[in-house]
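Student: after the sequence you'll find the predicted model.
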Amino acid sequence: LLERTTATQVVVLSTAMVYGARPDNPVPLTEDAEVRPNRGCRFALARAELERAADDLRRRRPGVRVAVLRPSVCTAGTEERDWLERSAWHARSVRHQGTERLGQFLHVEDLARAIEFARRSGLDGVFNVAPDGWLSERDQLELVGAGRPPRLDPIVSRWLSRTRWSVGAAST
């Protein structure tokens, strides 16, 4: 599709997951951060490849503006409470070097506005799309009314995550 486009403005929807979940990532992540998706996450790897193709289009076709948008985790609102609750519990059980996991959740309508803004404004480059600030684990749990989950050993937590993924009980 990118090869055959005659458009002068292209908006590519990527994901913040292209940065990878790494304990040494700066907080907050900026667009200058290195793209290094986790090898086990096919979705993030595919988006990183899409970004490379978009960058190639920009280099080969002068005058074409290519906006790459990297949204944080999107939510449509209260109907996704179960998903948010599972995410909050999971964030609490998986830790890197004892640090708290922070979360950003972007409403899907805000993402739609960002896409339209990029198109109308003729943006060119890479842009993170995320709310200001983030939610602590405690904030995430309070939003869904969850109690304090048990702490899991990292080995048990990884096994649980892989098992949930393999049976389709986890989305990412």
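Tutor: Perfect, thanks for sending it. Numbers count the residues shown, from 1 in each chain.

Student: next secondary structure after the lowest-mean-pLDDT helix or strand in the chain?
Tutor: The helix or strand of the chain with the poorest confidence is helix 81-93; it has a mean of 50 (mean pLDDT, DSSP states H and E). Later in the chain than helix 81-93, the nearest helix or strand by DSSP states H and E is strand 105-107.

Student: what about the helices in this structure?
Tutor: With DSSP state H, the ranges of helices along the chain come out as 42-60, 81-93, 108-121, 137-144, 154-166.

Student: pull out the buried positions in the first one.
Tutor: I take that to be helix 42-60. 44-45, 47-48, 50-51, 54, 57-58 (16 or more other Cβ atoms under 10 Å). All C-beta spots, glycine's among them, are computed from the backbone N, C-alpha and C.

Student: what's the answer for stretch 32-44, then?
Tutor: 33, 35, 37, 41, 44.

Student: between these, which is nearest residue 105?
Tutor: Among these, residue 44 lies closest to residue 105 (Cβ to Cβ), at 17.7 Å.

Student: and the pLDDT at that closest one?
Tutor: Looking at residue 44, its pLDDT stands at 94.

Student: next one: residue 105
Tutor: On the pLDDT scale, residue 105 is placed at 83.
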